[in-house]
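[1] I would like to see how this sequence folds:
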Amino acid sequence: MDPLAAPAIDRSRLRRLQLVGVACGFTAGAWLGAAEAPTKMVTLGIPPVVISLAMVLGVFLARWSLPALLRGSGAIGADVRQAPHLVVWAVLAGSLWAVANTLTIFAIRDIGLTIAFPLWNSNSLLGIVWGFVFFNELRQAGWARWAGVLGGAVVMFGGAGLLAAASASATGGSGHATRGVIAALAAGALWGTMYIPYRKAYLTGMNPLSFITFFTVGELVMMTVLAVSDRGGVAALAAELARARDVLFWLLCGGFVWVVGDLFQQYAAKYVGISRGIPLSNTNQLWGLLWGILVFGELRGAAGAHYAQVIGGSVLMALGAAAIALATASPDEHRRWAEAAGREGVRYGVDPAYVRSGLTGEGTAARRRTWLDWAVVIAASAVFVGFGLVARVPELAVRGAAMVALVIASLALLGGTGWLLWKTTGFN
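    I've put the predicted structure just below:
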């Protein structure tokens, strides 16, 4: 069979996969937005790199335990045997993420969560470029879908700009605004580039649960190097972690929440591409806004005009996201994706059947859980419980009712989209 031939996929199956991808994109936005809340602890005097390292430790625990629980290490091993080169790409992507995440914490410290969000979410525009250039996304999509994706992304970015303007006028500068803006934009550029390994992996057929397992190796190694360098040595870093031990639990939880959001983002990139999936997941801007305003009171005392800007920006972002969600890939465009997948398979010598099954949401089936899988899950849980026993509630002014409402909404999206993903693809 021609390795560049399109997989046999009917229109109804394609529509279901597109629906899954869109739902995953929106759910990713909710959870990625919530994951930024613990970074507000930078206001307690905890160094940004310590916050980032603690979150990455939570990410590491989640990225090994969730795949072991949902699919089993046997299925992950089968994916690696089919496409071992993707382990290198996963580690590279994780390294980029670690640097970008650290930059976002510096940005939050200098310009605030509400302002930093739209700046680093410029990664969606870069994702559209990389998707078109490298992976045939939007090729033969038709002018209506082009307009939906590009127009939606521009409208979302414009709405984000309004939100940033409202935040800046209401909260004022920190004295380091330029440094914060540069940090946020640099994080966006790194995250936009990080999506190239994502798409390479999923066009080749690898399951997102397998990819993130090795992704986190790059995260942890890079973040440890950054933290040791910034603090001036291992002993100094250990001392910082010891001083922050009573809030490390919340940072670990932030990393866990981020993994849940990122996992849905990975499935969105798999089934609707990075040119659509990344802008959809960047609705985390709206969720970050809700956490910033409703829970942390970032715009407290702002004038009515500022709230009008916030509402206008939010409406624009919602309209842009809706336009992108409706601009799903046509069968012709999907065939161009298949050609890009075929090239990846030929370049790295991957079995064409494996590539095709990955594109259609089939892939490697889950395996029976082994003692190793349960050991990983139990060990990760024990770490969370251990830090939870010594944790204290941080001294941050929060509005409890708003926080509970946002948590319930996020859990509802998790349950609904998780069920749809499992029903349609079996987490493949």
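[2] please make it C-alpha for all contacts and neighbour counts, starting now.
    Noted.
[3] measure the residue nearest the centre of the chain to residue 202 for me?
    Geometric centre of the chain, nearest residue: residue 262, 3.3 Å, by CA atoms, centre = their mean. Per CA to CA, to the nearest Å, residue 262 is found 14 Å from residue 202.
[4] got any ranges where the protein has weak pLDDT?
    Scanning the chain for pLDDT under 70 picks out 1-9, 38-45, 113-115, 160-161, 163-176, 298-307, 363-367, 394-397.
[5] could you rerun that using 90?
    When residues are selected by pLDDT under 90, those of the chain lie in 1-22, 26, 29-263, 265-377, 380-381, 383-384, 386-407, 422-428.
[6] any idea how far stretch 55-67 is from the middle of the chain?
    Between the centre of stretch 55-67 and the centre of its chain there are 14 Å (CA atoms, centre = their mean, to the nearest Å).
[7] other SSEs contacting the one helix or strand residue 249 maps to?
    Assigned by DSSP states H and E, residue 249 falls within helix 248-272. Helix 248-272 is packed against helix 11-35, helix 48-70, helix 177-204, helix 208-231, helix 274-281, helix 371-389, with contacts defined by 3 or more CA pairs under 8 Å, 6 or more residues apart in numbering; DSSP states H and E.
[8] now tabulate these in TSV and tack on distance to residue 107.
    Shown next, in TSV, are the helices and strands packed on helix 248-272 (distance: least, CA to CA, whole Å):
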stretch	distance to residue 107
helix 11-35	15
helix 48-70	10
helix 177-204	4
helix 208-231	16
helix 274-281	20
helix 371-389	27
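[9] can you lay out those helices as CSV showing mean neighbour count?
    As requested, the helices and strands packed on helix 248-272 are exported to CSV (neighbours: other CA atoms under 10 Å):
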stretch, mean neighbour count
helix 11-35, 24
helix 48-70, 25
helix 177-204, 23
helix 208-231, 22
helix 274-281, 31
helix 371-389, 15
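[10] the ones you listed: which one's closest to residue 112?
    Residue 112 lies closest, by CA to CA, to one member of those: helix 177-204, at 8.6 Å.
[11] so residue 287 versus residue 210, what's the distance?
    From residue 287 over to residue 210 (counting by CA to CA), the distance is 28 Å.
[12] sorry, slip of the keys, the one I care about is residue 180.
    34 Å.
[13] cool, and residue 290?
    32 Å.
[14] give me the number of residues near residue 243?
    Neighbour count of residue 243, defined by other CA atoms under 10 Å: 12.
[15] now name the helix or strand holding residue 137.
    Residue 137 belongs to no helix or strand when assigned by DSSP H and E.
[16] residue 406 too?
    Using DSSP H and E, residue 406 falls in helix 400-425.
[17] in that helix, what counts as buried?
    Buried residues in helix 400-425, defined by neighbour count with 16 or more other CA atoms under 10 Å: 402-403, 406, 410, 413-414, 417-418, 420-421, 424-425.
[18] ok, stretch 139-157 next?
    Within stretch 139-157, the residues that count as buried by 16+ other CA under 10 Å are 139-141, 145-146, 148-157.
[19] and it, how far out from the chain's middle?
    Using CA atoms, centre = their mean, the offset of stretch 139-157 from its chain centre is 21 Å.
[20] then stretch 311-318?
    Distance, centroid of stretch 311-318 to centroid of chain: 21 Å (CA atoms, centre = their mean).
[21] can you check stretch 409-427 too?
    16 Å.
[22] repeat for stretch 265-278
    10 Å.
[23] next, the distance between the ends of that stretch.
    7 Å.
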